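Chemist: my questions concern the predicted model and sequence given below.
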Amino acid sequence: MTAIKHALQRDIFTPNDERLLGIVNVCKAGKKKKNCFLCATVTTERPVQVKVVKVKKSDKGDFYKRQQTWELRDLTVVDAKDASKENPEFDLHFEKVYKWLASSTAEKNSFISCIWKLNQRYLRKKLEFVNVSSQLLEELPKAEESVPSGESQSVAGGDEDALEEYQELSAREEQDIESMMEMCEFAVSNAEAFAEKLFKELQVLDGANIQSIMASEKQVNILMQLLDEALAEVDTIEGKLSSYEEMLQSVKDQMDQISQSNRLIQISNTNNGKLLDEIQFLVNYMDLSKGHIRALQEGDLTSPRGIEACISASEALLQCMNVALRPGHEQLAAVNQQQKLFAELRDTFARRLTNHLNNVFVHQFNHFSYFKMTIPQYYRSSCLSLPGHDQSSTLSQNTTELTLPKHSPLHRDLLRYAKLMEWLKNTHREKYEGLSRTYVDYMNRLYEREIKDFFEVAKIKMAGTSKEAKGKFGLHGSSGKLTGSTSSLNKLTVQGSNSRRSQSSSLLDMGNMSASDLDVADRTKFDKIFEQVLSELEPLCLAEQDFISKFFKLQQHQTVFPPLAQPETEEVDGSVPSRMPPQADHRHSVSSEKDLVRLMMNKIFQSIEPELNSLIALGDKIDSFHSLYMLVKMSHHVWTAENVDPASFLSTTLGNVLVTVKRNFDKCISGQIKQMEEVKISKKSKVGILPFVTRFEEFAELAETIFRNAERRGDLDKAYVKLIRAVFMNVEKVASESQKTPRDVVMMENFHHIFSTLSRLKISCLDAERREAKHKYTDHLQSYVINSLGQPLEKLNHFFEGVEARVAQGVREEEVSYQLAFNKQELRKVIKEYPGKEVKKGLDNLYKKVDKHLCEEESLLQVVWHSMQDEFIRQYKHFEGLIGRCYPGSGITMEFTIQDMLEYFSSIAQSH
């Protein structure tokens, strides 16, 4: 191994300025045996770097080569595997664990010792040596004796001197040496003389030292004597201390006994204090006073004072039952006895409270049933089933005020038990749910009677808003259709404006009743009745819902199975329900108590929605336009209810009814459109303003009055658009089918009426239709005027049309007079046929014809006559222009002037 070490030092480490201090022959553990050397080296230059180098012999020769190098500072753990047995295996932990198998245990121990020494000398880092004997690390010389001389010499011998660190001279030493050399000038030139001088001075100093020692012998003897005396004194003191120690030992034993006694006393006091705390805890929290027990067992539940006592007792009982017991309390007989007493008191009081509240429910139900609003049965049957009988006096004499009974006294009496109901809810869920079902059942029957009677009065009052409606059909009769002959429609067009407007109202209600049956006062009265019905129902529902929330304490806590939603099931095989109770649609689990309140309200007021739908059907049957009033009122109440609570019973119910009202409103609009499509006109009389145009006018007037500032304005705007388009389409249809009245007259009059209506009402969503109506009116007015004016000067008209035709064919205007058919003689002949007198006669006949075409209601005669005057003057100027251009210098003129025409038109208009 020594030869290998020298070879490695010479060939590998010396060229790199490194010294080899430790070596071990190893191979990788667990693999095919390939020997290599692990070498511990240090650099010769400062700062010193310590490395572990893996050296491998080359396969092609006898030289060695460096294979891998690690810094010693990167080494973290050295694991020798076994500190008690000889084991050549060891591990080095660098960035990963390297497992090695040394050729001998001695080599492994020598290498590990070298690593430890290098770490202590140069690095002094926290390097962990595992499974390494402490003797190997602490007693290096002994450990090295067991190493073969050739192998250990490198570390324990001469190489150890190499590890000695070079000691530099301090500044003080350098200064002393310099001063000494300055005293001897030949110190540098003659070293031997300088050394001899130093030797002589050293001998002088040694002699002086020996003399000093000999001179101090006497003092040494004195010192030794003093030391002997001191030792004797120490022995005396030690004897006294021993006696004191024996005395203190007995005191210590006594104090230990006293301390033990005190500790036992302290433990006893602590235990007694804890026991007292436990007793006080049980007495304070699990003791119910006799007064509370007496109140729970026989307290008065009718008087306010007794109810207060029962409330205090129930709260105290609940507090005692809910006390959080500490570990071990359940095993105490007294605690078990108290819990049993509390359970008996809870059951007894719950039973008493349930029976009392059941009796209260029955008593209040009977009380309100006795004083409830009633209508005599004979009166109901007579006023609902005798057609033709005038019941106005009967209604005014027998109907009561349209109001619902107030249940505030009942609520006030029951709210005294609200805290007891909360106690029952927390302690006895089954009885609480039973009381809830009982209350709902009684109130359902009570409200069903009251609401039924209330709506019957409302229906009678509603039917009484029309005098003849009560005799024509019962409250549940079927609606009829619009019937009548075309002569009745013709009467509408020839009567005066006031009578026509009153009769046309019969066409506003989809034909259910005749025109004289309804008026604005009747509809206003219906509106007030419907508003009164909603105004009575709303506070009733809100008051009941508020009472349910307060009485049954359904405001904060979450619940899983509410009373109405608790399924009355029997368990099959432990968990499967065998049957569901009736009305299972309301008995499903809910997640919040707000849902429970809504379910209870649905059960109590289950008759409100059907009764409201029946009332709405009656109002729609009496007059389909009632749906406008109902839509506005119902929308307002739904909007108000949703602002309070969007998920409340009132909001949901009114929302469902609003759907029915909206459906009736849509049916009303569709019925009017259908009537427009089915309208027939007379072939013998002039058309005038069509009935459905008048119906649209009155519908719009009524709707604008009803929907002023309403929330559902969008529904009305959509209906307007549908109606106006139907009106436009059917006006054109009727105008095309008209035989008596010219098409232009029908279009002109009806679109003028529509334009006037829309301009007066200022309906913003129909601005485009208003402009369209004006355009159609203007176009057909112009068309009618032009077509009518061609008749008074017919021959003259045909003559100049021929002249214009020749010019259009390419004949020059000044050459037209040379055409045989259009020469000056022919022109004079045609002009002579139309003297002023003849023209006036023709215009008079035209005026009479126009008067026959136009209706009186629209008052368009003067407008048409003025337009004809303007058109006639335009034609006159046109004829004069053609004469001037085509017959220049002929001196031919018309036999009447423009001033004559103006006088003709004015005199004709005044004469009629």
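Modeler: Yes, it's here.

Chemist: ok, which stretches of the chain are strands?
Modeler: Using DSSP state E, the strands of the chain run over residues 18-28, 36-43, 50-57, 64-71, 77-79, 89-93, 97-102, 128-130, 571-572, 576-577.

Chemist: and the fourth one, what does it pack onto?
Modeler: Strand 64-71 sits against strand 50-57, with contacts defined as 3 or more CB pairs under 8 Å, 6 or more residues apart in numbering; DSSP states H and E. In this view, the C-beta of every residue, glycine as well, is placed from N, C-alpha and C.

Chemist: spatially central residue in the chain, please.
Modeler: residue 646 (14.6 Å; CA atoms, centre = their mean).

Chemist: what about it, distance to residue 62?
Modeler: 100 Å (CB to CB, to the nearest Å).

Chemist: next: residue 534.
Modeler: 118 Å.

Chemist: among those two, which residue is more densely surrounded?
Modeler: Each of residue 534 and residue 62 has its neighbours counted (other CB atoms under 10 Å); residue 534 has more, 18 against 7.

Chemist: leaving out sequence neighbours, find the closest residue to the more buried one.
Modeler: Closest residue to residue 534 apart from its sequence neighbours, by CB to CB, 6 or more residues apart in numbering: residue 637 at 5.1 Å.

Chemist: hmm, that neighbour is touching residue 533, no?
Modeler: No: counting by CB atoms under 8 Å, residue 637 sits too far from residue 533 to count as a contact (10.2 Å).

Chemist: domain map for this structure?
Modeler: 1-136, 290-376, 679-790, 797-911 (the TED database).

Chemist: for the stretch 51-200 of the chain, what spans make up the helices?
Modeler: Using DSSP state H, counting those that start in this stretch, the helices of the stretch 51-200 of the chain run over 105-118, 134-138, 140-145, 149-156, 158-163, 171-183, 191-215.

Chemist: quick check, pLDDT for residue 588.
Modeler: Looking at residue 588, its pLDDT stands at 40.

Chemist: circling back to that earlier point, now do the contacts for the residue nearest to residue 534.
Modeler: Going by CB atoms under 8 Å, 6 or more residues apart in numbering, residue 637 touches 534, 538, 654.

Chemist: quick one: those residues as CSV, columns for distance to residue 629 too.
Modeler: Below are the contacts of residue 637 laid out as CSV (distance: CB to CB, whole Å):
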residue, distance to residue 629
534, 11
538, 17
654, 15
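
Chemist: CSV for those residues, including pLDDT?
Modeler: What follows is the contacts of residue 637, written out as CSV (pLDDT from 0 to 100):
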residue, pLDDT
534, 88
538, 89
654, 88
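
Chemist: out of these, which one sits closest to residue 172?
Modeler: The closest of the contacts of residue 637 to residue 172 turns out to be residue 654 (CB to CB; 110.9 Å).

Chemist: that closest one contacts residue 640, correct?
Modeler: No: using CB under 8 Å, residue 654 is not in contact with residue 640, being 9.1 Å away.

Chemist: comparing the two, which residue is more hemmed in?
Modeler: More neighbours surround residue 654 than the other of residue 654 and residue 640, with 27 against 15 (other CB under 10 Å).

Chemist: how near is the more buried one to residue 716?
Modeler: For residue 654, the distance to residue 716 - CB to CB - is 19 Å.

Chemist: so what's the backbone phi/psi at residue 94?
Modeler: Torsion angles at residue 94 (phi, psi; degrees, to the nearest 10) stand at phi -100, psi -130.

Chemist: can you pull the contacts of it?
Modeler: Contacts of residue 94 (CB under 8 Å, 6+ apart): 70, 74-76.

Chemist: look up the closest residue to residue 454, ignoring the ones flanking it.
Modeler: For residue 454, the spatially nearest residue (CB to CB, 6+ apart) is residue 404, at 5.3 Å.

Chemist: residues touching that neighbour, list them.
Modeler: 373, 450-451, 454, 536-537, 540.

Chemist: at 6 Å instead, please
Modeler: 454, 536, 540 (CB atoms under 6 Å, 6 or more residues apart in numbering).

Chemist: neighbours around the residue lying closest to residue 619 once chain neighbours are set aside, how many?
Modeler: Once flanking residues are discounted, residue 619 sits nearest to residue 626: 4.1 Å by CB to CB, 6+ apart. By other CB under 10 Å, 27 other residues sit near residue 626.

Chemist: same question for residue 345.
Modeler: With other CB under 10 Å as criterion, residue 345 counts 21.

Chemist: what's the distance between it and residue 293?
Modeler: 7 Å.

Chemist: re earlier: out of the domains of the chain, nearest to residue 183?
Modeler: domain 1-136 (35.0 Å).

Chemist: how long is the closest one end to end?
Modeler: Start-to-end span of domain 1-136 (CA to CA, to the nearest Å) is 22 Å.

Chemist: give me the mean pLDDT for it.
Modeler: Rounded mean pLDDT across domain 1-136 is 86.

Chemist: circling back: which of the contacts of residue 637 sits closest to residue 320?
Modeler: Closest to residue 320, out of all of the contacts of residue 637 and judged by CB to CB, is residue 538, at 44.9 Å.

Chemist: mind checking the longest helix of this structure?
Modeler: helix 217-285 (DSSP state H).

Chemist: and stretch 197-208, which residues are buried?
Modeler: residue 197 (16 or more other CB atoms under 10 Å).

Chemist: before we move on, what about stretch 57-72?
Modeler: Quick answer for stretch 57-72 (16+ other CB under 10 Å): 64, 70, 72.

Chemist: ok, now which ones touch residue 461?
Modeler: Residue 461 neighbours (CB under 6 Å, 6+ apart): residue 529.

Chemist: that one and residue 525: what is the separation?
Modeler: 8 Å.

Chemist: repeat that for residue 769.
Modeler: Counting by CB to CB, the gap from residue 769 to residue 525 is 33 Å.

Chemist: mind showing which ranges of the stretch 151-300 of the chain have poor pLDDT?
Modeler: The model of the stretch 151-300 of the chain has pLDDT under 70 over residues 151-169, 185-188.

Chemist: so residue 776 touches residue 751, yeah?
Modeler: Yes: Residue 776 is within contact range of residue 751, at 4.4 Å (criterion: CB atoms under 6 Å).

Chemist: comparing those two, which residue is more hemmed in?
Modeler: residue 751 (26 against 20).

Chemist: contact partners for the more buried one?
Modeler: So, once contact is read as CB under 6 Å, 6+ apart, residue 751 ends up touching 773, 776-777.
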